[in-house]
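[1] Just the structure for this:
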Amino acid sequence: GITYRVWAPAAPEMYIFGDFNGWNRRSHPCQKNEYGVFSAFLPDNPDGTPLIQHLSKVKLSITRPNAHDITRIDPWARYVVQEKQNPVYDGVYWDPSHRYEWRHRNPPKPDRLRIYEVHIGMAVEEERIGTYREFSQNILPYIADMGYNCIQVMAIMEHSYYASFGYQVTNFYAACSRYGTPDELKALIDRAHELGIIVLLDVIHSHASKNCEDGLNQFDSTEECYFKGSHPIWDSRLFNYDSWEVMRFLLSNLRWWVDEYHFDGFRFDGVTAMLLQNRAVGSIPQDYEGYFGPQIDPNALRYLTLANHVLHEFYPDIITIAEDASGFATLCRPTSMGGVGFDYRLAMGLPDKWKKQMLIRDEDWDIGSITFQLANRRWKEATVAYVESHDQALVGDKTIAFWLMDKEMYTSMSILQPFVPIVDRGIQLHKMIRLVTFGLGGEGYLTFMGNEFGHPEWIDFPREGNRESYKYCRRQWSLAHDPLLRYKHLKNFEKSMLHLEKKWAFLTKWSFISLSHELDKVVVYERGELVFAFNFHPTQSLTDYKIGVQTPGKYRIALDSDTPDNGGHNRNSPDAEFYTKPEPYCNRAHSMLVYLPARCCLVFEPAQ
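    Next up, the predicted model:
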């Protein structure tokens with residue numbers, strides 16, 4: 001038989017109805033206990049088949065005194081679908097006769113993350129919604145070949161409004177049915193694990209959609225139940241973290257995605273809004289007095305700490321990432337040490353910094369300010385650095401590549417024509433910005449799909465304002481694969497950059513900035529055994545330029561943004577060797593002379 005249990009404390013009566021009983025709203029009542037939990041047992045049919053058949057529709061009916069009955073979907077529904085021309089989702093009973101058989105174990109927990117942020121529906125070139133199957137077949141092999149070891153998957157938790165980018169969740173236990181079935185999502189994750197890629201879910205426990213009939217809002221007919229107020233900007237409901245039942249619902253939700261779908265971890269969205277009493281509308285604390293003062297919501301802080309404790313206790317290899325803009329102290333320290341327990345935080349200040357640089361001529365860039373921003377993070381609190389995620393390309397904004405090259409990307413990206421100055425500048429800076437961020441900005445690295453090859457334009461989901469168009473809600477993969485277009489050079493550089501980290505594991509190692517020269521526009525730093533050198537000057541190439549090196553010996557070029565394959569001008573010799581001298585320089589024990597072409601970056605590795 002089938003047992004239903006649903007928490008609805010203010011509801012007087014509840015019934016289960018659907019295809020199985022001809023949509024009779026009164027034939028199958030639930031019993032309510034003293035804790036507000038309704039339950040019902042539905043015995044199997046005489047022939048042994050379940051009363052509710054797999055893929056049949058099922059809903060809940062709640063009576064109200066002196067008012068009409070209201071229809072709801074089970075908050076724990078595993079699968080919900082939307083019929084054509086019907087804006088409201090239907091609950092669907094998911095109970096296949098054969099459970100998905102997992103073929104591959106979760107990969108071991110990596111000691112650093114090279115994250116590819118993805119959206120399944122956007123991952124096709126055609127103007128439509130992509131599927132789990134297509135992503136598994138076409139995109140996962142590409143991700144593995146590029147050198148990423150992690151995908152962060154957006155918009156999986158079911159959301160009725162596609163244009164919300166998955167952040168207005170209606171059904172917290174259901175995988176998005178637009179892309180396929182729950183088993184097809186499992187197959188995707190299984191395939192990722194086969195390729196050695198871990199999978200993180202973008203989990204939204206900071207707020208929920210205001211939808212009632214197919215969401216959680218006013219579930220038991222009252223404003224409270226799961227929530228306590230609304231967010232003034234997001235137009236969504238805020239969870240009541242002071243409620244035991246809400247805590248159980250959210251903590252169980254985390255375990256559900258790990259146990260049922262084998263996710264390797266979570267990226268927690270909206271952590272700043274959860275932590276702050278003002279929900280990040282207005283001032284955000286930036287010091288210890290603010291972090292540990294009345295601005296903080298103790299119930300939300302307690303929930304986040306408990307969530308991390310539970311996850312790491314039950315799943316030692318789990319990974320959690322916090323999207324937090326406040327720099328909250330101890331956010332990424334273990335709960336056993338009094339921290340909140342996240343493994344990483346997103347370096348949300350870095351994309352803002354680079355966006356500001358787009359408004360300034362690069363010859364006027366403040367090099368010291370850039371390196372300070374990149375290196376400014378809490379000791380022993382791991383950070384995921386990024387130039388741009390999905391946020392930076394939403395409608396009204398545009399990708400870094402489009403900021404740099406704009407309309408020239410439509411006419412001047414062919415290798416059959418000479419470089420035009422805007423495209424030349426854009427391609428060289430695009431590579432340099434990504435490498436300096438990757439190499440100096442944190443202990444992990446992230447990019448949104450397509451941005452690695454300089455995807456043009458912006459992201460805009462189909463909506464009434466754009467006549468439901470998918471033109472800007474897709475990824476133009478052909479740009480990167482076309483041998484006659486310069487997008488391939490940006491892809492090549494990203495791949496080389498990722499494989500260099502794969503070889504040297506520099507994200508796990510110390511860094512030291514030895515030079516940040518304003519006049520020369522030069523940055524030099526060491527990360528582990530490697531030496532990174534950047535010349536951001538637009539015109540001045542530097543011959544026999546002295547840089548500091550701590551470890552003596554012979555060095556060679558491991559990565560050069562100026563090679564033809566990377567869209568450069570081939571001004572360096574790939575076979576060149578560089579020998580250190582016992583001459584201290586820039587607070588390093590040794591030094592060596594190198595050639596730094598204008599708008600070029602180099603990484604030197606030990607030759608032995």
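
[2] make it CA atoms for all contacts and neighbour counts henceforth
    Will do.

[3] Could you list the residues in contact with the least confident helix or strand in the chain by mean pLDDT?
    Ranked by mean pLDDT, DSSP states H and E, the helix or strand of the chain with the weakest confidence is helix 288-291, at a mean of 90. Residues from elsewhere that reach helix 288-291, judged by C-alpha atoms under 8 Å, 6 or more residues apart in numbering: 285, 296, 328-329.

[4] biggest separation within these, which pair?
    296 and 329 (12.0 Å; C-alpha to C-alpha).

[5] ok so, going back, buried by neighbour count, from the contacts of helix 288-291: which ones?
    Listed as buried from the contacts of helix 288-291 are 285, 296, 328-329; burial here means 16 or more other C-alpha atoms under 10 Å.

[6] since we're on residue 98, how many residues are nearby?
    Residue 98 has 6 neighbours, counted by other C-alpha atoms under 10 Å.

[7] pLDDT at it, what is it?
    Here the pLDDT value assigned to residue 98 is 94.

[8] Let's have the contacts of helix 288-291 in a markdown table, adding distance to residue 437.
    Formatted as a markdown table, the contacts of helix 288-291 follow (distance: C-alpha to C-alpha, whole Å):
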| residue | distance to residue 437 |
| --- | --- |
| 285 | 25 |
| 296 | 31 |
| 328 | 22 |
| 329 | 23 |
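
[9] and the residues you listed as JSON lines, adding distance to residue 464 and pLDDT?
    Rendered in JSON lines, the data for these read as follows (distance: C-alpha to C-alpha, whole Å; pLDDT from 0 to 100):
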{"residue": "285", "distance to residue 464": "38", "pLDDT": "90"}
{"residue": "296", "distance to residue 464": "38", "pLDDT": "95"}
{"residue": "328", "distance to residue 464": "39", "pLDDT": "95"}
{"residue": "329", "distance to residue 464": "42", "pLDDT": "95"}
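
[10] Which stretches in the stretch 251-400 of the chain count as strands?
    Per DSSP state E, counting those that start in this stretch, the stretch 251-400 of the chain carries strands over the ranges 265-268, 319-322, 344-346, 383-386.

[11] And the ones you listed: which comes nearest residue 207?
    strand 265-268 (11.4 Å).

[12] from the chain's centre, how far out does that closest one sit?
    8 Å (C-alpha atoms, centre = their mean, to the nearest Å).

[13] what's the answer for stretch 423-432, then?
    25 Å.

[14] same thing with stretch 24-43?
    39 Å.

[15] List every C-alpha atom in that stretch, with coordinates, as PDB.
    Only the C-alpha atoms of stretch 24-43 are listed here, as PDB (Å, rounded to 0.1, in the frame of the first residue of the first chain):
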ATOM      1  CA  ASN A  24     -13.500  12.500  -6.200                       C
ATOM      2  CA  ARG A  25     -12.500  15.200  -3.600                       C
ATOM      3  CA  ARG A  26     -14.100  13.400  -0.600                       C
ATOM      4  CA  SER A  27     -13.600   9.600  -1.100                       C
ATOM      5  CA  HIS A  28     -10.100   9.300   0.500                       C
ATOM      6  CA  PRO A  29      -9.800  11.400   3.700                       C
ATOM      7  CA  CYS A  30      -6.700  11.800   5.800                       C
ATOM      8  CA  GLN A  31      -6.500  11.700   9.600                       C
ATOM      9  CA  LYS A  32      -4.900  14.600  11.500                       C
ATOM     10  CA  ASN A  33      -2.800  14.100  14.700                       C
ATOM     11  CA  GLU A  34      -2.000  16.600  17.500                       C
ATOM     12  CA  TYR A  35       1.100  17.900  15.600                       C
ATOM     13  CA  GLY A  36      -0.800  19.000  12.500                       C
ATOM     14  CA  VAL A  37       0.300  16.000  10.400                       C
ATOM     15  CA  PHE A  38      -2.300  14.400   8.200                       C
ATOM     16  CA  SER A  39      -1.800  10.700   7.200                       C
ATOM     17  CA  ALA A  40      -3.600   8.200   5.100                       C
ATOM     18  CA  PHE A  41      -3.000   4.600   4.000                       C
ATOM     19  CA  LEU A  42      -4.100   3.500   0.600                       C
ATOM     20  CA  PRO A  43      -4.100  -0.300   0.300                       C
END
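
[16] Enumerate the positions of that stretch that are buried.
    Going by 16+ other C-alpha under 10 Å, stretch 24-43 has these buried residues: 25, 28-30, 32, 36-40.

[17] Now stretch 393-411: average pLDDT?
    Stretch 393-411 comes out at a mean pLDDT of 91.
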